[in-house]
Every structure is written in C-alpha cells, then in structure tokens.
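**Student:** What would the 3D arrangement of this be:
(chains A, B and C)
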Amino acid sequence: MSNELLKIKNLKTSFRIGDEYYAAVDDVTLTLNKNEVLGIVGESGSGKSALAFSIMRLHTRAKIEGEISLNNQNIVQMSKSKLNKIRGDEMAMIFQDPLTALNPLMPIGRQIEETLFLHNKKLGQQGRKERAIELLNLVGILRAERVYEQFPHELSGGMRQRVIIAIAIANDPELLIADEPTTALDVTIQAQILDLIRELKEKIHAGIILITHDLGVVAEMADRVAVMYAGQVVEIAPVDRLFENPLHPYTKSLLNSVPTEGQDRLHVIQGVVPTLKNLPRTGCRFAERIPWVDASHHEDNPTLHEVESGHFVRCTCYEHFYFPDNKEELENGIS
Amino acid sequence: MAFLEVKDLQVYFPVKGGIFNRTVDHIKAVDGVSFEMEQGKTYGLVGESGSGKSTTGRAIIGLEEITSGQVLFDGKDITDKKTKNKAFRKDVQMIFQDPYSSLNPRKRVLDIVAEPLRNFEKLSKFEERKRVQELLDIVNVSPDSIFKYPHEFSGGQRQRIGVARAIALKPKLIIADEPVSALDVSVQAQVLNFLQEIQKELNLTYLFISHDLGVVKHMCDNISIMYKGRYVEQGSTKDIFENPQHIYTKRLIAAIPDINPRNREKQFEFRKEVADEYRKSFNHYFDSNGLAFALQSISDTHKVALPEKG
Amino acid sequence: MWKFIVRRLLITFPQIVFLSVLVFVMAQFMPGDALTGLIDPNVSPEALEIQRERLGLNNPWYVQYGDWVGGLVQGDLGQSFRFKMDVTALISERVMNTILLSAVSLFFTYIIAIPLGIVSGRYNDSPLDSFITGYSYLGFATPIFIFALVMLWVFGFILGWFPTSGSVAPGLDAGTVEYYISKLYHSLLPGLSIALISVVSTIQYLRSEIVDTKQRDFIVTARAKGASENRVYNKHIFRNSLLPIAAFFGWEITSLISGTVFVESVFSYPGMGLLFLESVTQRDFSVVTALVLLFGIASILGALLSDIILSIVDPRIRIK
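**Tutor:** The predicted structure follows:
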C-alpha cells in the first residue's frame, strides 16, 4: 500500500463545446506504483492525452471531476500555488513535439535553470549552472557547456527531446508523465530516447506514465498497460498478459491491425472513432464497432472485471467476441 | 526492359550565403541513386528524415528539378524536356503523407477527384460525375458524398479520397510518400489493405516511401535503404530483414520495437551490440565524408554499399 | 547577423538613389522652375533665357540630376523663394522641433500601448479587452486632424492646460532651462494627440501576438515546470510577444511622419510637417522637394532600423 504513488479515481475531464460539456476522459480509475512504468495506449480521440494533461492540471479550460492523488495529495482540489510547488518538482512531463516545446528565444541553459530556480531556492546562480550542465550530461548530450548557451533552433529534434527530458528530471520527480515522447522522432533516435528513459528510471526511481499509440513501444517499456477507448480504460493488465492474453475486443482488434510476421491481411476495425460530441455515453462504447456481437452480450453499465490477478476488462462482451473470418459473415452480422 | 529505370539520379539544392546571397554550396539531397522496377510489384524506400527518400520520389514524378541522371519509363527518358510527354504524367501519380493538408479544403470531393480527369480527358459533366462515383466506390467512400468537403471526412477516408484522385487516370505507377504515417493504427490497417487490393485489381506498381520498417516489411517485395542521399542496401524483403549486410541497415532493424514483451531483454542486448558495432565499424562502411560507397551485388537480388576491395 | 546587416545596408543604398530620382522627376513635372518665382516679371524673356543657360536649366536631365545630387551631398537643397533663404537653413531650424515632437509622441505611444496591449492580450475576450478593442476600432476610424482639433479645443482653449500654438513661449533665451521646459511643454499636447491615435495599431498588434504566443507548446512546458501564471506571462509570453513590437519600432517612425504633417498644422507647431503644408499651398517647390526627400529617407531608414533591431533581438537571425 505504501508503494502507491498515484491514485486516480472516477476521473472525468470535460471540455465545453458550444453550451455543453463533453467528457473526454470518463470514469477512469488507475493506480501507479513507485518505480513502475504504466503504459497508456489508445488512438487519437481515446482521451489518453487529456488524461495526462488532467494529472498535471495543464488544461486551461476543462472541468475536472473525481480524484487524482499524488502521495495522498488531491491534485483536483489543490490551490494554484500548491499546484505550482508540485509541478516540475514531484511530478513532471515530457512532451510530444520537441520542435515546439522549448521557448525559441531562450537559451537552453536558462530553460533548464528555470525549473531549478522555481523549486530549489537554495541553489545559487552558480549551483544552477552546474546542475544544468550535469543534467545535460546525464541525458547524453556531448559538449554540454556549449549546448547550455545555445538556442533551440540550433539543435536537432533528438537533442531537443533530450533537453526536454533534462528539464523534466531536473528536480528528481517522483512521477514522470511522458506524452508520446518519441512519436515525432526517427526510429534510431526513438530507440536512443527510450533507452535514456529506461536508464533514468533506474537512477531516479520515478513512477512513469508512458502515453503512446505505438504498441511496440509499450511492449518494450511498460510494466503494466492500460488500453483506452472513447475516454475509458477498457483493459488493464501486466504487460506480458496483455500481449499474450488480450481480452477486450478493442485490444484484440488493435493488436491485429499492426503489421506483424506472416500476416496476409491486416484487421480493420469497422466504422470510425467517434468524435467527442458523438461518443456513446451509455452501454458498451465499443459495441457499435463490433455489430456482429449480439447486443445481449454487452452490459448495460459496463464495469471493469478482474479476470486474473491484475488483469481487468470492461464489459462482458469479450467472452463472446470473435473475428468474423469472411466478409459474408460480417455483412450478415450487420443486417 | 525494366518498367521504370532510374540511372544515377542526382538532386542538389543550392545553399545561399555570403553578403550577395550567392550559391556557396549544395546540399546533395539525392546523390547518385540507381534502381529498376518491375510492373506490379511494390518497392519500399526507407530512410530517416533527411535521407533524401521523399526527394527521390518527388524527382521521379517531376516535382523536383533533377540535377543530373535519367529516369526511364517504359524505355523513354522522361527527364528530357523535349520528350516529356503527357502519357507519363498520366501513368505516374502520387499519394501524399498528410491527408489533412493534401486535399484543398475549399473544393468538393467531386472537384478534387475529377481534377486529373479534367486535365487529361474530355468528359461531359454527366460522364465525369459517373466516373468520380465509380472511383469513390472503388476506394470505399460512399458515392453519395461527392458534394461534401474534405473536413467532413475522417483521416482514413481523406487518404482514400487522395487515392481515388491518384487512380482516376488508371496510372501504372503510384509513388506513395509516407501514405500512412499520419494515421492511427487501425486506420493505417484500412489504408494498407486497400492499397494492396487495388494493386491486384489494377496491376499497379508502387514506390512506397516510408520511415516505418514494419509497414514496409508488410507491404513490399523489394526494399531499398537510403542514407544521406545514397542507397546503402537494396534487396528483397527477405534479404533485408533476414540477411542485412550494411551496418546502417542492421541499426535500423535493431531500432524497431519488438511487440513481444518477453523478448525485451534480448532486444535491448541486441540493440546495444549493434550500436557498438556501428560505432566501431563506421569508418569501414562509410567513406571519409561519412557517405555510403557504391552498391555492389552480393547475390541476384541483393546489393550492398561496401568499400571496393583494395 | 553581421552579414544580414551588411546585406540590408547594401539594399538601402539603391533604395535611396531610386527615391532621389523619383523626387527629382517629380520636381521636374512641377509647373515653372527655380527662376519663375525669383525674378521680377518685367525681366525680358531673352534675359531670362540667358539666366537659364547660366544656371544650367537647359542642360539635359541627367546633367541637371547630377548637379542636384552634387548639391544635396554638400548640403545644398536650393533656395526657398518664400523665405528668401537657403532651404537647408530653413529646414534645419524645423527639424529639431519635429524630432522633439516625434520623440514625445513615441514615448506616449509606447507608454500607453504596451500596458493596454498586454492587458488586452492576457485577458482576451474579457469586458476589459472588449473595451480596449472598442477604443482601438474608434481610433482606427478617427481621422487624426479632426481628433487633434478636438484635443486643441478642449485642452488648449477651454481648459487652458496647454499652449495652443508655437513650439516655445516667446521671450525665452535659447539654452536656458526655462527655454527647454517650455519647448517640451509645447510638444506635449500635439504629441499626445498623435499618440492616442497611433497607439491603436500597436495595441492590436501586441494583443494578437500575445493571444498567439499563449497557445504555443512551450507555454505548456513552462506551466509544467511549476511557473506561476505571472511568471509564465512575464518571462515567456510578454518577452516573446514584445520582440515583433520592438521590430515594429522603425515602421512606427514612418507612420509618425504622416501624423506630424497634420498635427503640426493644427497646432501651428513650427516643424517640418507644417512647413510642408505651407510650402505646398504657397508653391514653394524647392522646399517641398527637399522635404519629400527627407521624409522618404526617414522612412527608408526606419525600415532599416526595424530589420536591424529584429536581427539583434531574435536569436534565430542573430545566430546564423
């Protein structure tokens, strides 16, 4: 129990469209332990980034309900000033696009020092500079003294992502949220950045939430995985179990749509990801995309069921799910 | 005779500098690339950003000016301005990366798909609409939606509308520049399946440009690896994945995340070994400018950029 | 950066040459010539022709242009027929007044525009922002000479807070402290009149820069570091938004020129603008030509200044 770092309970994050609020994250309950990597997988519109931004409370215009507690402090209710003490210190974030996440008019060194200055007043000017250079070395930047004085546009994408990581780990955060940290990078650079995150995890012992759409990245990095669809967690399991024994129809479909060895045709999920405004709010949210599964197999109010130790699945439809093996069957299912 | 043959293609971009903004240097985006293609097959062109893979594709279709070299299509040199014929522009089409920006947002689907038809074929309004509806039907977009605008479609649908435009003139060769990298996994699957289907139906040849080795492996018969404007390795998909010879190819393959979590440690170990080898043998595989050597055949299908045996 | 500045300077030179040709051609098209107003109408046409020949007025245009440019370079702008004195001397008297007026109005412009732009951008779509934006639209729509008249009438004549004409109180000796205070005092109301109208473009420019910068990714990074809202605004948003404003400075000078022309005449303020209008109405063409040339050069130098400032403050240009 004392191992628990982050607890999210019944989280609901809603955005205003017109006069109404629509929940992008709807009833998410999760925990993250110290020193653990939790992968969150989903496609665009699944609410995974909205979830990350909710934890950091970085949404400027969203309604957040429920509970997010980091070391037993509820972030949802927290005052702005308290929040600013925690952000960048106890929890930090790595962003998706290294080309835009740094201030173009500020030298690299100053951008790292800012977070040191905000959370460690004892460190003097000289101390901050030393620490900034130490951090640049730590994230594998050669010639750290020189980079310290450079501006973002003088660095490559991979280098900038390293700087962003240096900023995130500057104050040894306990919780590190990485929002698609390698999506904008080349594969070889991606491998290097993932290596770096893994190494740092050993050094700073942070709990990491890794948000990605790339199942391969999750398979390599995560201890546990949560799969999100339409604002909800549909399945959560230890990483081995999720890839060996995926249960939810969405997880299975997703795994089948990635090109792998010896596959002739990729699986295609019927229909499209519903937009925020058109999300089904009642019943199984994935039901409309597997119309061949009989309606009676879905729960009216799907909840997460523990099917094996630590392995949860939403709704009971997984028990009756199968891939229609030909088109005919598929069409029969629709009619 | 090869269906498409590229001979020693070079595309240089001038670098402006100095007080008078004169050309002081060149960026060799494509620096001596040669390859052949057979009809009905899919050729993968893989490389990281800045490798020149997109420039190669764009140069073949004429979107970039060629510095030197030849592109022979059905035996005819299409880089020669005099013989630059309409037939070629009809026979070779392109699919772009971003389905959100490659379709003009102010045009209706009808106008987008009909544009190449209007350039090359004289059709009556009625015939034109019928053709567009047929094309939309081929790409699985409802033919009723010809009066809709691009923003009313999802990413996958837009990419398929882009494909409908590309196949409107019944081309023989389609150059697909990162056609799925902006799409979600499940939508990507849809577009890839579909590209394979129409390939069979229309006997299309693809030049499939991508940074994603997993996708390329799934799609292609033949793969070329490009680095800094030059080919480092070329071979059948089996050659490249099972018997990679060039250290850069090995490095790219090692970088692909393994989808089986149980292989994790093994994969890390492997990646580390390859990284070490890459560091140690860089000077062996690249010349003093850090560029690849010329390709040498090591089997009927397999070519690798290795230093001349001296 | 140096390369950029040198290149920019090299472009400026032909611009100024082109301007001088333009002004010269314009002067040639004006009715009459330097002698028309100077000479007693009773002089015989033959004598006039001799004079013309002597002054080089019958030479081909390029020789005349060469003579004119040669004069310019030596500071000889010709003769004013109205004041019967060298244009150079006439203008140099007025130039200082206009520079003072411009400096005062620039000062007011920035002291008003920056806070209003910042408030408007930070709290965009708030009632306060709507109020400021409303004022901006009003400012865009108001002709400056009418506004200046109203200012003069209210603050000069009705309330009597400010002098209503001239650039200095009569009877003061140049060089004394009172003299300078009086000069400044005379420039306040016209300067403020220009400023209150010209602020609107700067306010709107700054506002949209701020609204734009606010939504950039690096602002999220700053918030994630734990920076307070005030810090995010002061250290990241304002700094980055003020940069284009700093670059705008040079253009501001250009727009000031048109402002001074009208406002100086409303306030009977003896600067270049007033001189310009008077010279136009009196057909004192040598003065008009000289002033157009000066205004033109000021505009070109303003643009140059903008680019140089930008190259100094923006690291993306500075480091190249």
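**Student:** and the closest residue to chain A within the stretch 101-250 of chain C, how many neighbours?
**Tutor:** Ranking the residues of the stretch 101-250 of chain C by distance to chain A (C-beta to the nearest C-beta) places C:Gly226 first, at 3.5 Å. In this view, the C-beta of every residue, glycine as well, is placed from N, C-alpha and C. The tally of other residues near C:Gly226 (other C-beta atoms under 10 Å in any protein chain shown) stands at 22.
**Student:** residues in contact with it?
**Tutor:** Under the criterion of C-beta atoms under 8 Å, 6 or more residues apart in numbering or on different chains, the neighbours of C:Gly226 are A:83-89, A:115, A:118-119.
**Student:** please redo it, this time with the cut-off set to 6 Å
**Tutor:** Each residue near C:Gly226 by C-beta atoms under 6 Å, 6 or more residues apart in numbering or on different chains is listed here: A:84, A:87-88, A:118.
**Student:** Up against chain B, what does chain C have?
**Tutor:** For chain C, the contact set with chain B under C-beta under 6 Å from any C-beta of the partner chain comprises C:3, C:6-7.
**Student:** Compare those and tell me which has the most neighbours.
**Tutor:** Neighbour max across those (other C-beta under 10 Å) = C:Arg7, 15 neighbours.
**Student:** Please give the element, helix or strand, for that residue.
**Tutor:** helix C:2-29 (DSSP states H and E).
**Student:** sorry, back to before: list, out of the contacts of C:Gly226, those positioned next to chain C.
**Tutor:** Contacts with chain C are made by A:84, A:87-88, A:118 out of these, judged by C-beta under 6 Å from any C-beta.
**Student:** Take these and lay them out in TSV including distance to B:Gln133.
**Tutor:** Below are the ones next to chain C among the contacts of C:Gly226 laid out as TSV (distance: C-beta to C-beta, whole Å):
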residue	distance to B:Gln133
A:Asn84	58
A:Arg87	54
A:Gly88	56
A:Leu118	60
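**Student:** Pull out the buried members of these.
**Tutor:** Among the ones next to chain C among the contacts of C:Gly226, those classed as buried by 16 or more other C-beta atoms under 10 Å in any protein chain shown are A:84, A:87-88, A:118.
**Student:** just to revisit the earlier point, how about the residue of the stretch 101-250 of chain C closest to chain A, secondary structure?
**Tutor:** Using DSSP: H, G, I helix; E, B strand; the rest coil, the structure places C:Gly226 in coil.
**Student:** Report the buried residues of stretch A:307-314.
**Tutor:** Along stretch A:307-314, these residues count as buried under the neighbour rule (16+ other C-beta under 10 Å): A:307, A:311-314.
**Student:** And for stretch C:236-250, what's in contact with it?
**Tutor:** So stretch C:236-250 is contacted by A:103, A:105, C:206, C:209-210, C:213-214, C:219, C:222, C:302-303, C:305-306, C:309-310, C:313 (C-beta under 6 Å, 6+ apart).
**Student:** burial count for A:Ala166?
**Tutor:** 26.
**Student:** Distance of it relative to chain B?
**Tutor:** 21 Å (C-beta to the nearest C-beta, to the nearest Å).
**Student:** Provide a list of residues in contact with that residue.
**Tutor:** Contacts of A:Ala166 were listed using C-beta under 6 Å, 6+ apart, and they are A:112, A:135-136, A:139.
**Student:** what do you get for A:Lys34?
**Tutor:** A:3, A:5, A:207.
**Student:** Not counting sequence-adjacent ones, nearest residue to it?
**Tutor:** Of all residues not flanking A:Lys34 in the chain, A:Leu5 sits nearest, at 4.8 Å (C-beta to C-beta, 6 or more residues apart in numbering or on different chains).
**Student:** Please report phi then psi for that neighbour.
**Tutor:** Main-chain dihedrals, A:Leu5, degrees, to the nearest 10: phi -100, psi -50.
**Student:** Dump the helix or strand containing B:Val71 to PDB, keeping only the CA atoms.
**Tutor:** Secondary structure assignment for B:Val71, by DSSP H and E: strand B:68-73. Provided in PDB are the C-alpha atoms of strand B:68-73 (Å, rounded to 0.1, in the frame of the first residue of the first chain):
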ATOM      1  CA  SER B  68      21.600  15.000 -63.400                       C
ATOM      2  CA  GLY B  69      20.700  11.400 -64.200                       C
ATOM      3  CA  GLN B  70      18.000   9.700 -66.100                       C
ATOM      4  CA  VAL B  71      14.500   8.400 -65.400                       C
ATOM      5  CA  LEU B  72      13.400   5.900 -68.000                       C
ATOM      6  CA  PHE B  73       9.700   4.900 -68.000                       C
END
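**Student:** chain center to it, what's the gap?
**Tutor:** Centroid displacement of strand B:68-73 relative to its chain, using C-alpha atoms, centre = their mean, to the nearest Å, is 17 Å.
**Student:** partners of it in the sheet?
**Tutor:** strand B:4-17 (antiparallel), strand B:76-77 (antiparallel) (DSSP bridges).
**Student:** hmm, who's touching it?
**Tutor:** B:4-10, B:60, B:77-79, B:88.
**Student:** buried sites along it?
**Tutor:** B:69, B:71-73.
**Student:** which among those gets closest to chain C?
**Tutor:** Of all the buried residues of strand B:68-73, B:Gly69 has the smallest distance to chain C: 32.2 Å, by C-beta to the nearest C-beta.
**Student:** and that closest one, how far is that from A:Ala168?
**Tutor:** Distance, B:Gly69 to A:Ala168, using C-beta to C-beta, to the nearest Å: 46 Å.
**Student:** Next: B:Val24.
**Tutor:** Separation of B:Val24 from A:Ala168 (C-beta to C-beta) stands at 40 Å.
**Student:** When the two are compared, which one has more neighbours?
**Tutor:** More crowded of B:Val24 and A:Ala168, by other C-beta under 10 Å: A:Ala168, with 28 against 11.
**Student:** check contacts around the more buried one.
**Tutor:** A:Ala168 is in contact with A:92, A:94, counting by C-beta under 6 Å, 6+ apart.
**Student:** would it count as being in a helix?
**Tutor:** Yes - judged by three-state DSSP, A:Ala168 forms part of a helix.
**Student:** Next one, pLDDT for C:Cys320 please.
**Tutor:** One thing to correct before we go on: residue C:320 is Lys, not Cys. What the model reports as pLDDT for C:Lys320 is 55.
**Student:** Next to chain A in this structure, residues from the stretch 201-310 of chain B, please.
**Tutor:** Residues of the stretch 201-310 of chain B lying near chain A (C-beta under 6 Å from any C-beta): B:214-215, B:218, B:255, B:257, B:259, B:261, B:264.
**Student:** What's the local residue count around the residue nearest to A:Lys34?
**Tutor:** 22.
**Student:** and if you look at B:Ile209?
**Tutor:** By other C-beta under 10 Å, 29 other residues sit near B:Ile209.
**Student:** what's the distance between it and B:Val163?
**Tutor:** 15 Å.
**Student:** repeat for C:Ser201
**Tutor:** Taking C-beta to C-beta, one finds C:Ser201 at 47 Å from B:Val163.
**Student:** out of the two, which sits in the more crowded spot?
**Tutor:** When C:Ser201 and B:Val163 are compared for neighbours, B:Val163 comes out ahead with 26 against 18, by other C-beta under 10 Å.
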